[in-house]
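Novice: Generate coordinates for the sequence data below:
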Amino acid sequence: MKLFHFHFIAKRLYSGSGIIKAQKYVLTKYFQGEPKKTDFQLVEEVLPDLRDGEILTEAEYISVDPFMRAYMIGYKLPVDMIGGQVAKIVASRNEHYPIGKYVTGSFGWRTHTICNPEKLKGNAGFAPFSLLPDISPYPVSLALGILGMPGRLGSNSSLRRKLMIRTTLLKRDCPPACFVPARDIAAYPLRVASPRCCRVVGFAGTDEKCYYLEKELGFDRAFNYKTVDIKAALKEGAPRKVDCYFDNVGGQISSNIINYMNKYGRVAVCGSISSYNESCSPKATILQPAIVLKELKIEGFLVDRWIDRWEEGINANLRWLVDGKLKYEEKVYHGFDNMVDAFVGMLRGENTGKAVVKIK
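Specialist: Below is the predicted model:
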């Protein structure tokens, strides 16, 4: 097994010049409800020749993630659409980044990118720029999922100690019940919780996903939130109530779960996808009485909180993957022209596992 290291010796350097045209998605309208193709403009630009220290990359996979829907309101329009990529180096004037190698970075929705890796250090964006080793037989797209930002968000060695154990996982003498709304990071709380004798229960949006959670990932119970009575499902899945809750959904489901928690329960919050496409903030049962009377601890977090230990966390996930302790699924869309369709499909819940777009 070859782990992540970020220093390589170049064998081939860029030695020519030519016109390279890149395409990119520019957001020209703020999202109103579900994102639409008319919110974007597809722009073509001519890239300059490389300077010393720079590389030219060509996107192979581009990520679509829920946070993109929520974050774009914070940018002044027009603005290039944000997002992570796995890209192949197709030209280089940097001896540490040879042609043919793959890199990951927050390049956005674009086909080609020129960058100077040295200048990107310390400027992580939503994921740090890094040079990928050979992770075969696994696809390089995993660098956008289980070996990338979602994987780093969900679980790694530092996240286990600093977040999961401290704010989500049970102490050994606590009643075992952990609830997970199951999106593409669902495997990670499970991987950390199960060895600690937690009962792990989840919600998903289809019966097929619930089957996958129970039969493939080992959830004790999974419920289709679109077809079940949430309060009844809570009582069935966690008869001793809930001690910890990993929340990336928000809305009334989260209110129901938090109000059903045991005293001194803990909640880790990393998103609220249930409201991202809403034109106004949804109404839900207030949480303050439960927080006060049950003395709950609720903590939000962002993925760059432990950016200084990124490589450590990714390597931990890779070891778990190789050892069979982590499983993954991907929903692969195809074609740069289908970026918006993939984005909308992910927000609708079409994907089981990480949603990515294969550009070619």
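Novice: give me the low-pLDDT residue ranges for the stretch 151-300 of the chain?
Specialist: 153-177, 179-197 (pLDDT under 70).
Novice: Can you show me the helices along it?
Specialist: Counting by DSSP state H, counting those that start in this stretch, one finds helices in the stretch 151-300 of the chain at the ranges 157-159, 187-193, 207-215, 230-237, 251-259, 288-293.
Novice: secondary structure class for V46?
Specialist: What DSSP: H, G, I helix; E, B strand; the rest coil gives for V46 is strand.
Novice: correct me, but it touches I19?
Specialist: Yes. With contact taken as Cβ atoms under 8 Å, V46 and I19 are classed as touching, separated by 6.1 Å. In short, each C-beta sits where N, CA and C put it, glycine included.
Novice: Strands of the stretch 1-150 of the chain, residue ranges please.
Specialist: For the stretch 1-150 of the chain, strands defined by DSSP state E, counting those that start in this stretch occupy the ranges 20-27, 40-47, 55-63, 79-80, 85-92, 102-105, 112-115, 130-131.
Novice: closest to A204 out of these?
Specialist: In terms of Cβ to Cβ, the element of those nearest to A204 is strand 55-63, at 20.6 Å.
Novice: ok and the closest one relative to strand 85-92, angle-wise?
Specialist: 160 degrees (axes from the mean of the first three to the mean of the last three Cα atoms, to 10 degrees).
Novice: Which residue would you name as the spatial centre of this structure?
Specialist: Of all residues in the chain, the one closest to the mean position by Cα atoms, centre = their mean is P150, 2.9 Å from it.
Novice: On the pLDDT front, check it for me.
Specialist: P150 is assigned a pLDDT of 83 by the prediction.
Novice: Likewise for T113?
Specialist: On the pLDDT scale, T113 is placed at 98.
Novice: Equivalent analysis for I55, please.
Specialist: On pLDDT, I55 comes in at 98.
Novice: ok, it - contacts?
Specialist: Shown in contact with I55 (Cβ atoms under 8 Å, 6 or more residues apart in numbering): 14, 89, 91-94, 97, 103, 114-117.
Novice: could you redo the last one with a cut-off of 10 Å?
Specialist: 10, 13-14, 87, 89-94, 96-99, 101, 103, 113-117, 131 (Cβ atoms under 10 Å, 6 or more residues apart in numbering).
Novice: Repeat that for I19.
Specialist: Residues in contact with I19, defined by Cβ under 10 Å, 6+ apart, are 46-49.
Novice: Out of the contacts of I55, which end up buried?
Specialist: Neighbour-count burial (16 or more other Cβ atoms under 10 Å) is assigned, among these, to 10, 14, 87, 89, 91-94, 96-99, 101, 103, 113-117, 131.
Novice: Kindly provide the distance from the residue nearest to the centre of the chain to P128.
Specialist: Noted for P150: a distance of 14 Å to P128, by Cβ to Cβ, to the nearest Å.
Novice: Next: E45.
Specialist: 25 Å.
Novice: Give me the more crowded residue out of these two.
Specialist: Between E45 and P128, counting by other Cβ atoms under 10 Å, P128 is the more crowded of the two (22 against 12).
Novice: Just give me the neighbour total for N256.
Specialist: Neighbour tally, N256, other Cβ under 10 Å: 16.
Novice: can you start the count at 47 instead of 1 from here on
Specialist: Sure thing, new numbering starts at 47, so read that last one as N302.
Novice: That one and A330 touch, don't they?
Specialist: Yes. Contact between N302 and A330 holds when scored by Cβ atoms under 10 Å: they sit 8.9 Å apart.
Novice: Of all the residues in whichever helix in the chain runs longest, which ones are buried?
Specialist: Counting residues, the longest helix found in the chain (DSSP state H) is helix 356-368. The neighbour-count check on helix 356-368 (16+ other Cβ under 10 Å) flags 356-364, 366-367 as buried.
Novice: Among those, which one sits closest to Q334?
Specialist: For the buried residues of helix 356-368, with Q334 as the reference and Cβ to Cβ as the criterion, the closest is G359, at 33.7 Å.
Novice: I'd like the buried residues of helix 356-368 laid out as a markdown table, including distance to K309 and pLDDT.
Specialist: As requested, the buried residues of helix 356-368 are arranged in a markdown table below (distance: Cβ to Cβ, whole Å; pLDDT from 0 to 100):
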| residue | distance to K309 | pLDDT |
| --- | --- | --- |
| W356 | 36 | 80 |
| E357 | 39 | 81 |
| E358 | 34 | 81 |
| G359 | 32 | 79 |
| I360 | 36 | 83 |
| N361 | 37 | 85 |
| A362 | 32 | 85 |
| N363 | 33 | 86 |
| L364 | 38 | 90 |
| W366 | 33 | 86 |
| L367 | 37 | 89 |
